[in-house]
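Asks: Here is my input; please provide its structure:
(chains A and B)
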Amino acid sequence: MSVPPAQRTAPLGVVIGALASLREAILPAVAIAFSGIGSGSRLAVALGVGLAAVLVGTLARYLAWRRLTYTIGPADIRVEKGLISRTARAVPYERIQDVSLEARLVPRLLGLVAVRFETGAGGAEDIKLEYLSAAEGERLRQLVRARREGAPDEGPPADGAGQGEAGEQVLFAMGPRRLLTLGLFEFSLAVFAALGGLLQYLDNVSSIDVWNVELWRGWIERQGSTIARLGPYAQAAAVIAGLIGLALIGFATGVVRSFVRDWGFVSSLSPRGFRRQRGLFTRTDVVMPRHRVQALVIGTGPLRYRFGWHDLRFVSLAQDFGSENHMVAPLARMAEIGAIAEAAGYRLPGPGLAWHRASRRHLADSVLLQSGALALIAVPVALYAPFGLSFIVLGLAVVVAALNLYAWEFRRHGIDGDQIVTTTGFLSPTTRIAKRARLHSVEIAQGPLGRWRGYATLHLGLAGGTLAIPGLALAEARGLRAAILETITAAAPAARRAVPADQAMSAAQSGLSASLRAT
Amino acid sequence: MDHAPAAPSPAAEAKAAPRLAADADEAALTRLHPHYAHALRIEALLAAIPALVAALVIEAALRDAALLPPGLIAGAVLVVALVLVIRVPLRRWQARGYHLGADRLRVVRGVLWHSDTIVPFSRVQHIDVSQGPLERLFGIATLTLHTAGTHNASVALPGLAEETARAMREAIRAHIRREEL
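Replies: Numbers count the residues shown, from 1 in each chain, chains lettered A, B, ... in the order given. Prediction:
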């Protein structure tokens, strides 16, 4: 086989690098312009420094581009890079979980994408090629998949409704209306935190002393006295106007954020797996092979739940741009989620599922512990604080007890077919559905209280996520564990369990008896 | 540290495996090597020495102040240290155990916080046998099973005789095949 040629990434990537270095150079240049350095000619100094930074940055990026090559080999992808010390990394195809394409705004305008080969080891360990042409990125993705899986085994669905790749079937898409709804539910005041950060920055680069209390107090007093002259009604109106403004900003933040993140959201099922495209400025295109889905998480929010909205995420080893789970449908009706779940080979819990709840002893203990702690606090409060305060604390204790009792009804789990399902939360219930055969270990954990009262937490080893059922009666925990293990070991191919196991066992046993003799 | 831990009495045995169910997973546990208790003791002793020294220093410093009867602090620390060195390692050793099944490994541990983990061999990603300096001194080893799960990403079973640990590793390795996640 001929040695495949080493390739370079797209030369236009250097332009993007130059633009990035320009962006990095602006801030120091501005800082110099505002500071006292170089007094009279500081503008020239600032320009000079900025220009030098851009030149150096561009040169560095050009050299990095010259020195980075990648090779699409017969068994692996190799990347060699480094100016002085060369590093070479080879990733075998079977280790590549997926190829994700990411197109930020500027590269997207130039028709380039960043290609990342996800190995499941987590961000820093992955190979990333910045930047390749979009067509080359897509070609690489197809190639890696073809090499990884041999010939694509599943026949593409004959359904022609999908777009893009042949045989792609759209599972879920969000129009602007749905996006707006999502944005309204994502009310956020994070913009004020960002403003605070900006103020801090201004403080650093300008001579305005943002954190000077006197400055602000003077300003507030001036404004405050103006308002005070207007009388109580105007004051009330000002407060209300302020609150409305706050709410508007909060909603606007949510809407803008969800539009930017989820614009043109499309989840589809292609023969190679679940594909998700989204993003207004940074368009991302991620594919998760169907067999890598470890579990489903159906979440919601306290408010959107009242309107019947849920979201669906896949749990897998691959990370979804920093977040733990792979978002498949950010705002959907249960019926839509059911359809996606079915495409992934999961079933939503139906009416036939026998739900079980945590042990009543566990419930009693948590009520006693939490309300008891509050009741204990009430004693010194009754003795030393003004009369009546202790009733508030006692009332809190009752509320906590009631919440515990209520929440208990909503914390359920069940086993059906090949799945295990748990639900928690009464304000915003979260449902987790995992295939039992996909679990990796089962642990029964008990604290001192649990040992005394006979209940345990069942921890299930899920790749890329956690799944635990607290407060199970011990016998039930053991029963569940036995059922899960039975599914896991039955799923293992029979050949694996039969012959070598017994031989190895006897070897181990002889080792054991040796150690027994040693004692 | 030369006295051997008491031979497992029937009562202690019952404590280690509290409820025997018909379930195969509740089969009798295999105890860890007795040397493990010694290793735990030495470990506790090494941890206790700085605390004892600190207590003595405080004693010396407070001698003139006469706030407390002499020897109170050092005495209390000594009692706690003695319990930690003599009693606790034995209890920890008694609480631990494992069972090597045909297709799974069960690891039980914990005096106060009890945990009982089962790892099916078909889910083991890779296996480590490791020995720290203390373990090497006592001829014991730790067997660690790594799984792909986020919880219990590695299940450690310390206190195995070295050759047992290696034999178990071979036994489990025979089951591991490359499996798609």
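Asks: got any ranges where the stretch 1-150 of chain A has weak pLDDT?
Replies: A:1-3, A:35-40, A:120-125, A:149-150 (pLDDT under 70).
Asks: The same query, at a cut-off of 50, please.
Replies: A:1 (pLDDT under 50).
Asks: Equivalent analysis for chain B, please.
Replies: Checking chain B against pLDDT under 50 turns up B:1-23, B:178-181.
Asks: Show me the domain layout of it.
Replies: B:35-91, B:97-181 (automatic domain parsing).
Asks: what's the answer for chain A, then?
Replies: A:12-149, A:185-261, A:356-494.
Asks: what is the mean pLDDT for the second one?
Replies: What domain A:185-261 shows for mean pLDDT is 76.
Asks: Phi and psi next, for A:Thr422.
Replies: Main-chain torsions, A:Thr422, degrees, to the nearest 10: phi -130, psi 150.
Asks: so what's it up against?
Replies: A:Arg412, A:His413, A:Thr431, A:Arg432, A:Leu467, A:Ile469 (CB atoms under 8 Å, 6 or more residues apart in numbering or on different chains). For glycine as for every other residue, the C-beta is placed from the backbone atoms N, C-alpha and C.
Asks: what about the fourth one, distance to chain B?
Replies: Counting by CB to the nearest CB, to the nearest Å, the separation of A:Arg432 from chain B is 13 Å.
Asks: Quick check: next helix or strand after the helix of greatest length in chain B?
Replies: For chain B, the helix with the greatest residue count under DSSP state H is helix B:35-62. Next along the chain after helix B:35-62, taking DSSP states H and E as the criterion, comes helix B:72-82.
Asks: Which element, helix or strand, includes B:Gly165?
Replies: For residue B:165 the amino acid is Ala, not Gly. Assigned by DSSP H and E, B:Ala165 falls in helix B:162-173.
Asks: Next, the buried residues of that helix.
Replies: B:Glu162, B:Glu163, B:Thr164, B:Ala165, B:Arg166, B:Ala167, B:Met168, B:Arg169, B:Ala171, B:Ile172 (16 or more other CB atoms under 10 Å in any protein chain shown).
Asks: Is that helix positioned near chain A?
Replies: Yes - legend: contact between helix B:162-173 and chain A by CB under 8 Å from any CB of the partner chain is shown at B:Glu163, B:Thr164, B:Arg166, B:Ala167, B:Met168, B:Glu170, B:Ala171, B:Ile172, B:Arg173.
Asks: Looking at these, which one is closest to A:Glu118?
Replies: Each of the residues of helix B:162-173 next to chain A was scored against A:Glu118 by CB to CB, and B:Arg173 proved nearest at 27.8 Å.
Asks: Would you mind giving the secondary structure of the closest residue to chain B within the stretch 151-300 of chain A?
Replies: Nearest residue of the stretch 151-300 of chain A to chain B (CB to the nearest CB) works out as A:His291 at 5.9 Å. Classification of A:His291 using DSSP: H, G, I helix; E, B strand; the rest coil returns helix.
Asks: Can you name the residues of the stretch 201-350 of chain A that neighbour chain B?
Replies: A:His291, A:Arg292, A:Gln294, A:Leu317.
Asks: most neighbours, which of the residues you listed?
Replies: A:Gln294 (24 neighbours; other CB atoms under 10 Å in any protein chain shown).
Asks: so that one makes contact with A:Leu317?
Replies: Yes - with contact defined as CB atoms under 8 Å, A:Gln294 counts as touching A:Leu317 (7.4 Å).
Asks: which residues of the stretch 151-300 of chain A fall in helices?
Replies: With helices called from DSSP state H, counting those that start in this stretch, the stretch 151-300 of chain A shows them at A:176-185, A:190-205, A:213-229, A:232-262.
Asks: Looking at those helices, which is nearest to A:Ala25?
Replies: Per CB to CB, nearest to A:Ala25 of those: helix A:190-205, 14.2 Å.
Asks: Count the neighbours of the residue lying closest to A:Arg141 once chain neighbours are set aside for me.
Replies: In space, and not counting its chain neighbours, A:Arg141 is closest to A:Val99: 4.1 Å by CB to CB, 6 or more residues apart in numbering or on different chains. Using other CB under 10 Å, A:Val99 is surrounded by 24 other residues.
Asks: Now render the helices of the stretch 151-300 of chain A as TSV, adding mean neighbour count.
Replies: Formatted as TSV, the helices of the stretch 151-300 of chain A follow (neighbours: other CB atoms under 10 Å in any protein chain shown):
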stretch	mean neighbour count
helix A:176-185	17
helix A:190-205	12
helix A:213-229	10
helix A:232-262	14
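Asks: so what's A:Leu43 up against?
Replies: A:Ala33.
Asks: no, scratch that, I was asking about A:Ser258
Replies: Contacts of A:Ser258 by CB under 8 Å, 6+ apart are A:Leu179, A:Leu182, A:Gly183, A:Glu186, A:Pro330.
Asks: just to revisit the earlier point, out of the buried residues of helix B:162-173, which one sits closest to A:Gly273?
Replies: Nearest member of these to A:Gly273, counting by CB to CB, is B:Ile172, at 31.4 Å.
Asks: nearest spatial neighbour of that closest one, skipping sequence neighbours?
Replies: B:Ile172 sits nearest to B:Phe121 (CB to CB, 6+ apart), 5.3 Å away.
Asks: wouldn't the one you found be in contact with B:Leu105 here?
Replies: Yes - counting by CB under 8 Å, B:Leu105 is a contact partner of B:Phe121 at 7.1 Å.
Asks: Identify the contacts common to the two.
Replies: B:Ile172.
Asks: what about the nearest residue to A:Leu460 once chain neighbours are set aside, neighbour count?
Replies: The spatially closest residue to A:Leu460, leaving aside those adjacent along the chain, is A:Leu467, at 4.3 Å (CB to CB, 6+ apart). A count of nearby residues for A:Leu467, using other CB under 10 Å, gives 23.
Asks: The longest helix of chain B versus helix B:72-82: what angle between them?
Replies: Orientation check (axes from the mean of the first three to the mean of the last three CA atoms, to 10 degrees): helix B:35-62 against helix B:72-82 gives 180 degrees.
Asks: What is helix B:35-62 packed up against?
Replies: helix B:72-82, helix B:88-95, helix B:133-138, strand B:140-147, strand B:154-161 (3 or more CB pairs under 8 Å, 6 or more residues apart in numbering or on different chains; DSSP states H and E).
Asks: same thing but 6 Å
Replies: Applying 3 or more CB pairs under 6 Å, 6 or more residues apart in numbering or on different chains; DSSP states H and E, we find helix B:35-62 packed against helix B:72-82, helix B:88-95, helix B:133-138.
Asks: follow-up on the earlier one: could I get the contacts of A:Thr422 as JSON lines with distance to A:Trp309, pLDDT and secondary structure?
Replies: Below are the contacts of A:Thr422 laid out as JSON lines (distance: CB to CB, whole Å; pLDDT from 0 to 100; DSSP: H, G, I helix; E, B strand; the rest coil):
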{"residue": "A:Arg412", "distance to A:Trp309": "21", "pLDDT": "91", "secondary structure": "strand"}
{"residue": "A:His413", "distance to A:Trp309": "24", "pLDDT": "93", "secondary structure": "strand"}
{"residue": "A:Thr431", "distance to A:Trp309": "14", "pLDDT": "93", "secondary structure": "strand"}
{"residue": "A:Arg432", "distance to A:Trp309": "18", "pLDDT": "93", "secondary structure": "strand"}
{"residue": "A:Leu467", "distance to A:Trp309": "24", "pLDDT": "91", "secondary structure": "strand"}
{"residue": "A:Ile469", "distance to A:Trp309": "26", "pLDDT": "93", "secondary structure": "strand"}
